[in-house]
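[1] what's the 3D shape of this:
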Amino acid sequence: MQRLHTPTDAARIADEAMRCVILQRFAELAEYQDFTFDELAEFWLVESGDTIEQLETATEVPIVHGWFSDVRYPDPDFAPAWEVLEAHPTGYEMVFVTSDSGYGTVLWIAKNAADPVLLAMCAQYASPAP
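    Numbers count the residues shown, from 1 in each chain. Just a heads-up that it's a prediction; the model follows:
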């Protein structure tokens with residue numbers, strides 16, 4: 001996994017469709033001129049070989065269980081912790097609001113490079129991106 005701190009980090013992403021969406025999000029957050037990007041959000045690019053456990057440890061967000069429950073996907077009682085999960089042409093955008101001030105953690109999950117359980121969950125729950 002990679003932490004993307006700046007648009008320069010995102011510009012190195014080989015997947016053009018994913019790179020364009022991530023750069024768009026950086027541009028949207030740049031409109032908040034009173035804050036640095038790191039004060040607003042953190043972006044994580046999920047790469048081939050990354051496990052859910054590694055992602056949860058690095059990001060400190062509950063990916064396959066809820067904030068207040070240990071019920072895990074694919075249990076029928078699973079309640080996701082993310083606020084938004086959108087399907088893009090080559091990947092998924094999973095957004096967590098992690099503070100009362102609106103700070104967020106965003107996972108960028110490539111459809112061809114992620115953990116199969118993570119991909120199955122994204123395919124089941126994601127809404128098409130507008």
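[2] helices of the chain, start to end?
    Remark: helices assigned in the chain by DSSP state H are 7-11, 16-30, 37-40, 52-59, 116-125.
[3] same list, these, but as CSV with distance to residue 108 and mean neighbour count please.
    C-beta coordinates here come from the backbone N, C-alpha and C atoms, glycine included. Formatted as CSV, the helices of the chain follow (distance: least, C-beta to C-beta, whole Å; neighbours: other C-beta atoms under 10 Å):
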stretch, distance to residue 108, mean neighbour count
helix 7-11, 9, 15
helix 16-30, 6, 16
helix 37-40, 15, 14
helix 52-59, 11, 15
helix 116-125, 11, 16
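[4] between the ones you listed, which gets nearest to residue 102?
    helix 37-40 (7.8 Å; C-beta to C-beta).
[5] ok so, going back, format the helices of the chain as CSV; extra columns: distance to residue 77.
    Output for those, formatted as CSV (distance: least, C-beta to C-beta, whole Å):
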stretch, distance to residue 77
helix 7-11, 36
helix 16-30, 32
helix 37-40, 33
helix 52-59, 18
helix 116-125, 14
